[in-house]
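Colleague: Need coordinates for the following:
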Amino acid sequence: MKKQLILEDGTIMIGKGFGGDTETIGEIVFNTGMTGYQEILSDPSYCGQIVTLTYPLIGNYGINRDDFESIHPAVKGFIVKEATEFPSNWRSEMTIDEYFQMKKIPGIMGIDTRKLTRIIRQYGTLKGAICGIDKNPDEVLRKLHKAQLPTNQVKQVSTKNAYPSPGRGKRVVLVDFGMKHGILRELNQRDCDVIVVPYHTTAAEILHLRPDGIMLSNGPGDPKDVPEAIDMLREVIGKVPLFGICLGHQLFALACGANTEKMKFGHRGSNHPVKDLATGKIAITSQNHGYTVEAASINNTSLSITHIAINDGSVEGLRHLDYPAFTVQYHPEASPGPEDANGLFDQFLALMEENKLEVSAHA
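Modeller: Residues are numbered from 1 along each chain as shown. Sure, this is the predicted structure:
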């Protein structure tokens, strides 16, 4: 079954379809990870996007029950060089083709993914469509040019209702902007008493839960499209220790008076080197973001840059100079990727404990 990939610049690539027999339009991005395609396809941060994987062999260890980062994938489509028909792994339960058929998500394989990646690197992310070979390219192009990319991705992927993930340790309110389950797993492993709340939960509602700390999750899209979260953060910063990841990091920066901007093609992969400015140590990190905190905008805030990306010098970590709050742009829970930065969760627990002792001392 042949399909075509059509980009808004007029590029047409012909390949073989797999997965759902549907058409899709989305923002095309690329991920450089060599493994972890199951975590990638189930990462809510890809909501509204069609993901190109630069590694050529995808699906070779199948789909299993353990590696999902969400129950319902939000990705709009998948572009690969080769989708393996006969995976080989003892955990494999189905092929990537069977999974995408079940979820009605279209994929296309057999195209030149290197060429596609070079186009994105040169011109930036583009809108694209995966459709049947019988579709008139001119009509699809007109539809592409008219299509508006969504701005409500966080609303689409955030939990609709608050729910607990009980533990006997520190109480953490985890604000779900499109949370990867790996974040919840890391907090659970540290026996945190976690309450997951929707993205639009107010500061008063969060503080009423009497948390020892607040965790801001990753999520899709432009942080400026989530003004409710920025308002909430302005009220809670300084009252409760805070740790933010990815979109949570960007929202924290905006709430503190900094600015964010769209990147040309973003950081998406599991091998991005990040430097800790305090220690000089380099961590290899997992990343997935198309927006970044503008470094120059930090100057007039109460924030300090703690980490930078080695490849392009972009901001990868922040801390508040007056309050117990820090954030990172990358994913310390990995999923997929190296676990070099996993200790940040322990730093968050230590920050909550220090704050509790300080509050007790002044009581």
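Colleague: Student question: in the chain, what's the helix or strand with minimum average pLDDT?
Modeller: helix 344-362 (a mean of 89; mean pLDDT, DSSP states H and E).
Colleague: That one - contacts with which helices or strands?
Modeller: strand 213-216, strand 242-245, strand 325-328 (3 or more CB pairs under 8 Å, 6 or more residues apart in numbering; DSSP states H and E). C-beta coordinates here come from the backbone N, C-alpha and C atoms, glycine included.
Colleague: how about it: buried residues?
Modeller: For helix 344-362, burial by neighbour count (16 or more other CB atoms under 10 Å) applies to 344, 345, 348, 349, 351, 352, 355.
Colleague: circling back to that earlier point, can I get the helices and strands packed on helix 344-362 in JSON lines including mean neighbour count?
Modeller: Formatted as JSON lines, the helices and strands packed on helix 344-362 follow (neighbours: other CB atoms under 10 Å):
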{"stretch": "strand 213-216", "mean neighbour count": "27"}
{"stretch": "strand 242-245", "mean neighbour count": "27"}
{"stretch": "strand 325-328", "mean neighbour count": "26"}
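Colleague: Now tabulate the ones you listed in CSV and tack on mean pLDDT and distance to residue 176.
Modeller: Shown next, in CSV, are the helices and strands packed on helix 344-362 (pLDDT from 0 to 100; distance: least, CB to CB, whole Å):
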stretch, mean pLDDT, distance to residue 176
strand 213-216, 98, 9
strand 242-245, 98, 12
strand 325-328, 98, 16
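Colleague: Now these in TSV, please, with extra columns for distance to residue 172.
Modeller: Listed next are the helices and strands packed on helix 344-362 as TSV, based on distance: least, CB to CB, whole Å:
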stretch	distance to residue 172
strand 213-216	5
strand 242-245	9
strand 325-328	14
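Colleague: Which one of those strands lies nearest to residue 294?
Modeller: Distance to residue 294, taken as CB to CB, is lowest for strand 325-328 among those, at 14.8 Å.
Colleague: residues contacting residue 166?
Modeller: Residues near residue 166 by CB atoms under 8 Å, 6 or more residues apart in numbering: 193, 194.
Colleague: Next one: it from residue 244, what distance?
Modeller: 23 Å (CB to CB, to the nearest Å).
Colleague: same check, this time on residue 106
Modeller: Where residue 244 is concerned, residue 106 sits at a distance of 33 Å (CB to CB).
Colleague: what's the answer for residue 25, then?
Modeller: 31 Å.
Colleague: Over to residue 16?
Modeller: For residue 16, the distance to residue 244 - CB to CB - is 41 Å.
Colleague: again, but for residue 104
Modeller: Residue 104 sits 33 Å away from residue 244, taking CB to CB as the criterion.
Colleague: I'd assumed residue 207 was in contact with residue 214.
Modeller: No. Counting by CB atoms under 8 Å, residue 214 does not reach residue 207; the two are 9.2 Å apart.
Colleague: joint contacts of those two?
Modeller: 236, 240.
Colleague: Now residue 179: closest residue in space, sequence neighbours ignored.
Modeller: Spatial nearest neighbour of residue 179, excluding adjacent residues (CB to CB, 6 or more residues apart in numbering): residue 217 at 3.9 Å.
Colleague: same deal with residue 33?
Modeller: Residue 33's closest residue in space is residue 270 (CB to CB, 6+ apart), at 4.2 Å.
Colleague: Can you tell me the strand partners of the helix or strand harbouring the one you found and which way each runs?
Modeller: Per DSSP states H and E: residue 270 is located in strand 260-276. If you go by DSSP bridges, strand 260-276 pairs up with strand 282-293 (antiparallel), strand 303-309 (antiparallel).
Colleague: so for it, what's the average pLDDT?
Modeller: Averaged over strand 260-276, pLDDT sits at 96.
Colleague: Residue 3 and residue 15: what is the separation?
Modeller: 6 Å.
Colleague: So for these two, which residues contact both of them?
Modeller: With CB under 8 Å, 6+ apart as the test, residue 3 and residue 15 both reach residue 108.
Colleague: In terms of neighbours, single out the busier of these two.
Modeller: residue 3 (27 against 21; other CB atoms under 10 Å).
Colleague: who touches the closest residue to the more buried one other than its chain neighbours in this structure?
Modeller: Of all residues not flanking residue 3 in the chain, residue 17 sits nearest, at 3.7 Å (CB to CB, 6+ apart). The neighbours of residue 17, taking CB under 8 Å, 6+ apart as the test, are 1, 2, 3, 106, 107, 108, 130, 132.
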